[in-house]
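Structure for the following, please:
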Amino acid sequence: MYTFAHRQLPPTPRDAAIAQSTREALSPYGGMDRPLKLRVRDSEQEQPIDLPAGAVDLLMHVLEAMAAGQGVTLIPESAELTTVQAADVLNVSRPFLIKLLDQKAIPHRKVGKHRRIRMEDVMAYKNAIDREREEVLEQLTREAQAHDMGYGAR
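Down below sits the predicted model:
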């Protein structure tokens, strides 16, 4: 199965500034849930193009990261990752990821001795953990408010 991943190293200061101004120009159109028609112009021609709504949102995130001086990696949902790549996506160590795989917290398959993890399974795990953390934080906030610990209800 062929899958691509594209990695853009951190931008130059000039490119970060361009990303910032482009993000600001596109920001009114983000989250509109409809295609966006752009006109691309170079010195010789101008051509209209349509960007799907999802591509507009993705482009906004890429521009935001670049404006902040960060590199960006795009990985399709159907990609199979190595344990090193999956650990990087989750921002955990490889040994910690191996424990998660051994505990069957994230589905995976073996290719010879090597484990392969689908990107969509990595993201499903990440989203579940993020939801769990959010619930715990909300519970702690409710308890702090109930005990009048300086966190007033809004």
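
If you count residues, where's the longest helix of the chain?
helix 119-146 (DSSP state H).

Would you mind measuring the gap between the ends of stretch 42-56?
21 Å (CA to CA, to the nearest Å).

Helix or strand with the lowest mean pLDDT in the protein?
strand 6-8 (a mean of 81; mean pLDDT, DSSP states H and E).

re the thing from before, mean confidence (pLDDT) on the longest helix of the chain, please.
Averaged over helix 119-146, pLDDT sits at 92.

quick one on the thing from earlier: packing partners for whichever helix or strand comes after the least confident helix or strand of the chain?
Downstream of strand 6-8, the first helix or strand assigned by DSSP states H and E is helix 13-26. Contacts defined by 3 or more CB pairs under 8 Å, 6 or more residues apart in numbering; DSSP states H and E place helix 13-26 against helix 53-67. Just so you know, the C-beta spots here come from the backbone N, C-alpha and C atoms, and that holds for glycine as well.

roughly how far is the helix it packs on from the heart of the chain?
Mean-position distance between helix 53-67 and its chain equals 10 Å (CA atoms, centre = their mean, to the nearest Å).

What residues sit buried inside stretch 39-55?
Going by neighbour count (16 or more other CB atoms under 10 Å), the buried part of stretch 39-55 is Leu51.
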